[in-house]
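test case, fold it:
(one chain, ligands or ions: 2)
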Amino acid sequence: MFGYAKWWLKSMFGSKAPLVNTMIIHYACNLRCKHCSIHSGYAEAEAKQIKTKLTYDEIVDDLKLQFRRGARIAYYEGGETTMWSDNGKDLGDIIKAAKDAGYTNVGYTTNGTNKFFTGSDVISVSLDGPREIHDMIRGDGVFDELMKNLDAVDFSGSIYANMVLQKDNLEHIEETAKIVKENKKLAGIIFNFITPPPSSLALTLEEKKKAIAEIRELKKQGYPILNSKKGLELLAEEDWSKKCPYHVTVFIIPDGSHHNGCPMAGTPSCKECGFAAVREYYLIKRGSISTINEMSSIFAMSKK
Ligand SMILES: C[S@@+](CC[C@H](N)C(=O)[O-])C[C@H]1O[C@@H](n2cnc3c(N)ncnc32)[C@H](O)[C@@H]1O
Ligand code: SF4
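Ligands and ions are numbered 1, 2, ... in the order given. From the prediction side, this is the model:
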């Protein structure tokens, strides 16, 4: 906790050091989810001969660089993270590299269709609804693959579900929360709203407010909802272009460029931001004790 307290104190005095190092390690993916534009971006980048993958050495260099700047949480994103490889190294090797570099909490996000790598502290699995809805969004058989891999995994850290609310799953919030509550491998669920593109699946403000009221009620009833209470309320605020806590997380993307806040910073997407993490980072930066308490049990601790 000392590392986090030091980061926060420095940030109060104007430091722009990041707390989280988020690394988009490659764009490749085995799925084509309806709400995700990574796969079309991948095709575009390949066509323009732009780099679509970070190498092992680039990842290790960046881990060291951002650790020196103050980052203590490392998070791998994709593409599908479990498919990343470079010269015989895989996701397990870069999780270990982050631990060796000194990061307290190391995590990654996955669609759960491959075997889990278990060296991290946290795993985020995408769950966009009950079987029929999840598969309609992510592809046939994906829900069963995820559940099979969850059943099989022996993991001592926290696995949580990440649901992106969009037109197709808005009516399935409670059902999904129930699946998580009944699955002993899952510590809880975080709700986000889709951030366009694609606009066709985006939600109206009224739809968002209704969803937040439902999630708040489920949280009161004891469902394991990991959005902090204040973070949940802030999900109704759509335009984060002026409020985004840009420096809390630094991103590196496969072409090697760095972006504060998120790779969409400064684009029209900021006006319809649906990412729950942005709200939680904002509250943490402002020193909200209740949010720091709610978030730290999963996202700040090391399992070792
Ligand atoms: C880009 S994926 C990468 C990791 C992995 N392939 C997966 O599906 O979990 C990370 C998370 O971003 C979410 N995501 C994708 N497109 C999004 C969008 N337009 N708005 C909000 N979240 C999105 C996914 O649902 C997933 O939970
Ligand atoms: S599995 Fe992840 S990266 Fe792949 S298409 Fe779906 S959301 Fe995008």
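
how about the residues of the stretch 1-150 of the chain by ligand 1?
Contact residues (CB under 6 Å from any ligand atom) of the stretch 1-150 of the chain with ligand 1: 29, 35-36, 38, 77-78, 80-81, 109-111, 126. No exception for glycine: its C-beta is placed from N, CA and C like everyone else's.

does ligand 1 have contacts with the longest helix along the chain?
For the chain, the helix that runs over the most residues, judged by DSSP state H, is helix 205-220. No: legend: contact between helix 205-220 and ligand 1 by CB under 6 Å from any ligand atom is lacking; minimum distance shown is 13.0 Å.

stretch 160-180 too?
Yes: Stretch 160-180 lies within reach of ligand 1 by CB under 6 Å from any ligand atom, at 162, 164.

how far does that stretch stretch from start to finish?
8 Å (CA to CA, to the nearest Å).

let's have the chain start at 33 instead
Got it, the first residue is 33 from now on, which makes the last one we talked about stretch 192-212.

which residues does it contact?
66-67, 141, 154-162, 165, 168-169, 218-226, 232-235, 239-240, 243, 246-247, 250, 255-258, 306, 330 (CB atoms under 8 Å, 6 or more residues apart in numbering).

mind checking which of those residues are buried?
Buried members of the contacts of stretch 192-212, counted by 16 or more other CB atoms under 10 Å: 66-67, 141, 154-161, 165, 168-169, 218-226, 233-235, 240, 243, 246-247, 250, 255-258, 306, 330.

quick check: residues of the stretch 183-332 of the chain near ligand 1?
194, 196, 224, 226-227, 306.

farthest-apart pair in those residues, please.
N194 and T227 (13.1 Å; CB to CB).

tell me if the lengthiest strand in the chain is near ligand 2.
Counting by DSSP state E, the longest strand found in the chain is strand 190-197. No: against ligand 2, strand 190-197 shows no contacts by CB under 6 Å from any ligand atom, the least distance being 8.0 Å.

buried stuff in that strand?
Buried, per 16+ other CB under 10 Å, within strand 190-197: 190-197.

what angle sits between that strand and helix 237-252?
Inter-element angle recorded for strand 190-197 and helix 237-252: 150 degrees (by axes from the mean of the first three to the mean of the last three CA atoms, to 10 degrees).

for strand 190-197, which strands pair with it and how are they oriented?
Strand pairing for strand 190-197, determined by DSSP bridges: strand 154-158 (parallel), strand 220-225 (parallel).

and the shortest one, how far out from the chain's middle?
Averaging C-alpha positions (CA atoms, centre = their mean, to the nearest Å) puts strand 154-158 8 Å from its chain's average.

one more: the last one?
Taking CA atoms, centre = their mean, the mean C-alpha location of strand 220-225 is offset from the chain mean by 10 Å.

need the contact partners of it.
156, 159, 192-198, 205, 208-209, 212, 235, 240, 243, 247, 255-259, 264, 267, 306-308, 330.

same question for the first one.
Contact with strand 154-158 is made by 65, 137-144, 148, 170, 178, 182, 187, 189-196, 218, 222, 330-331, as judged by CB under 8 Å, 6+ apart.

what's the burial count for the residue nearest to V174 when sequence neighbours are not counted?
Closest residue to V174 in three dimensions, ignoring its sequence neighbours and counting by CB to CB, 6 or more residues apart in numbering: D167, at 5.6 Å. Neighbour count for D167, taken as other CB atoms under 10 Å: 17.

ok, D167 - contacts?
Taking CB under 8 Å, 6+ apart as the criterion, D167 is in contact with 173-175.

where does the residue nearest the centre of the chain land in three-state SS?
Closest residue to the average C-alpha location of the chain: T141 at 6.1 Å, with CA atoms, centre = their mean. Secondary structure for T141, judged by DSSP: H, G, I helix; E, B strand; the rest coil, is strand.
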